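**Student:** Make a model of this:
(one chain, ligands or ions: 2)
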Amino acid sequence: MPAVQPKIQPDSVSDRSEKYQIRVHNLVKSFNGKTVLDKLCLDIERGKINIIIGGSGHGKSVTMKHLMGLLKPDSGSIYIDGVDIVSLSEYELNKLRHNFGMVFQYAALFDSMTVFDNIAFPLREHTKMNKNEIRDEVKKSLESVSLPGIGHQFPSELSGGMKKRVGLARAVVIKPEVIFYDEPTTGLDPIATKNVDELIASINSRYGVTSVVISHDMASTFRIAHRISMLYGGKIIASGDPDSFKKTKVPEALEFLKVSGVL
Ligand SMILES: Nc1ncnc2c1ncn2[C@@H]1O[C@H](COP(=O)(O)OP(=O)(O)OP(=O)(O)O)[C@@H](O)[C@H]1O
Ligand SMILES: [Mg+2]
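**Tutor:** Ligands and ions are numbered 1, 2, ... in the order given. Presented below is the predicted three-dimensional model:
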């Protein structure tokens with residue numbers, strides 16, 4: 001009998017338990033010769049709120065764009081439910097993105113469309129719903145962000161906080177499996193920030209959706225995160241649940257916690 005060959009797999013994918021929906025291994029990305037992601041490894045827990053923290057320019061948005069398949073790495077792998085999306089074609093990625101909701105760093109609503117049409121957009125793109133079904137879903141999603149009846153307004157008529165919530169309504173309307181939020185509370189006052197935090201938490205528990213959030217706001221992070229990962233110099237240098245994260249011994253993470261008043 002031939003000897004059984006051991007399966008050789010990279011470290012971060014050797015235990016492909018159901019616990020992690022997304023597993024990133026040794027991701028490398030450079031722009032014009034400057035390395036931004038430097039063998040980054042990151043795990044995202046299924047059904048949980050996963051928050052990525054880190055200083056400005058350390059590669060948080062670039063990392064998230066890779067998870068959404070909007071950027072291709074120079075090397076490394078990104079497994080979503082066990083499928084390496086790095087080698088997928090644009091057509092296959094588009095199919096996959098039907099399961100994603102995205103809330104961008106800047107509200108990124110279509111200014112020329114009403115709120116209703118902004119939220120209806122992914123339904124028209126990705127589903128075969130008829131007009132009545134679309135109307136009902138848009139209504140429900142506006143209610144879920146506590147903005148009923150503003151469908152006829154244009155983004156320019158809304159406050160920053162309202163725009164963020166419309167962005168959330170648009171992300172959840174297709175009932176995605178994963179929602180990506182790039183700094184959903186930037187530029188909001190503390191009360192509006194708390195409201196958006198509560199929405200993220202309630203969307204997470206109501207739909208059991210995997211949430212990946214980039215945040216600058218440490219109070220928010222420790223309020224809602226199930227898992228925190230810190231990006232520094234193109235690598236994840238510390239990660240874990242909030243309690244274990246606070247006990248980190250990694251000097252740069254410790255410093256970040258101290259400077260942001262968490263410790
Ligand atoms: N398309 C691009 N072309 C060239 N350089 C880029 C590109 N996108 C990002 N970068 C560079 O990569 C680095 C990381 O950028 P990124 O946007 O990920 O930072 P970030 O951690 O999200 O910062 P912030 O907290 O300010 O949003 C920066 O130096 C940025 O200039
Ligand atoms: Mg960013």
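
**Student:** Which residues does stretch 219-226 contact?
**Tutor:** Contacts of stretch 219-226 with the rest of the structure, by C-beta atoms under 8 Å, 6 or more residues apart in numbering, involve 45, 48-51, 53, 185, 193-194, 197, 200-201, 213, 215, 228, 241-242, 262. The way it works is simple: take the backbone N, C-alpha and C, and place the C-beta from them, glycine included.

**Student:** and it, does that touch ligand 1?
**Tutor:** No - Stretch 219-226 stays clear of ligand 1 (C-beta under 6 Å from any ligand atom), getting no nearer than 13.4 Å.

**Student:** now do stretch 256-263
**Tutor:** No - Stretch 256-263 stays clear of ligand 1 (C-beta under 6 Å from any ligand atom), getting no nearer than 12.7 Å.

**Student:** Could you work out the end-to-end span of that stretch for me?
**Tutor:** Criterion C-alpha to C-alpha, to the nearest Å; first-to-last residue distance in stretch 256-263 is 9 Å.

**Student:** buried residues in it?
**Tutor:** For stretch 256-263, a neighbour-count test (16 or more other C-beta atoms under 10 Å) marks 256-257 as buried.

**Student:** residues making contact with that stretch?
**Tutor:** 53-55, 218, 222, 230, 232, 246, 248, 254.

**Student:** repeat that with 6 Å
**Tutor:** Here stretch 256-263 makes contact (C-beta atoms under 6 Å, 6 or more residues apart in numbering) with Met218.

**Student:** before we move on, the earlier item: now the buried members of the contacts of stretch 219-226.
**Tutor:** By 16+ other C-beta under 10 Å, the contacts of stretch 219-226 give 45, 48-51, 53, 185, 193-194, 197, 200-201, 213, 215, 228, 242 as buried.

**Student:** from the residues you listed, which ones fall inside helices?
**Tutor:** Members of the buried ones among the contacts of stretch 219-226 lying in helices (criterion: DSSP state H): 193-194, 197, 200-201, 242.

**Student:** All the strands of the protein, in order from the start?
**Tutor:** 20-31, 34-45, 49-53, 75-80, 83-84, 100-103, 178-182, 210-214, 227-232, 235-240 (DSSP state E).

**Student:** circling back: wait, which of the ones in helices among the buried ones among the contacts of stretch 219-226 is closest to Ser141?
**Tutor:** Nearest to Ser141 among these, counting by C-beta to C-beta, is Ile200 at 14.4 Å.

**Student:** State the distance from the closest one to Gly69.
**Tutor:** Distance of Ile200 to Gly69, given as C-beta to C-beta, to the nearest Å: 22 Å.

**Student:** Same check on Glu183?
**Tutor:** Taken as C-beta to C-beta, the span from Glu183 to Gly69 is 20 Å.

**Student:** Check Glu252 too.
**Tutor:** Distance of Glu252 to Gly69, computed by C-beta to C-beta: 29 Å.

**Student:** Who has more neighbours out of these two?
**Tutor:** Using other C-beta atoms under 10 Å as the criterion, Glu252 and Gly69 rank with Gly69 on top: 19 against 15.

**Student:** The more buried one touches Val83, doesn't it?
**Tutor:** No - with contact defined as C-beta atoms under 6 Å, Gly69 does not reach Val83; the gap is 11.1 Å.

**Student:** For ligand 1, tell me whether stretch 74-91 is touching it.
**Tutor:** No - Stretch 74-91 does not reach ligand 1 (C-beta under 6 Å from any ligand atom); its nearest approach is 12.9 Å.

**Student:** What distance separates the opening and closing residues of that stretch?
**Tutor:** 20 Å.

**Student:** who touches the spatially most central residue of the chain in this structure?
**Tutor:** Relative to the mean C-alpha position of the chain, the nearest C-alpha, by C-alpha atoms, centre = their mean, is the one of Phe180, at 2.2 Å. Contacts here follow C-beta under 6 Å, 6+ apart; on that basis Phe180 touches 64, 68, 102, 212.

**Student:** make it 10 Å
**Tutor:** 64-65, 67-68, 70, 100-104, 171, 210-214 (C-beta atoms under 10 Å, 6 or more residues apart in numbering).
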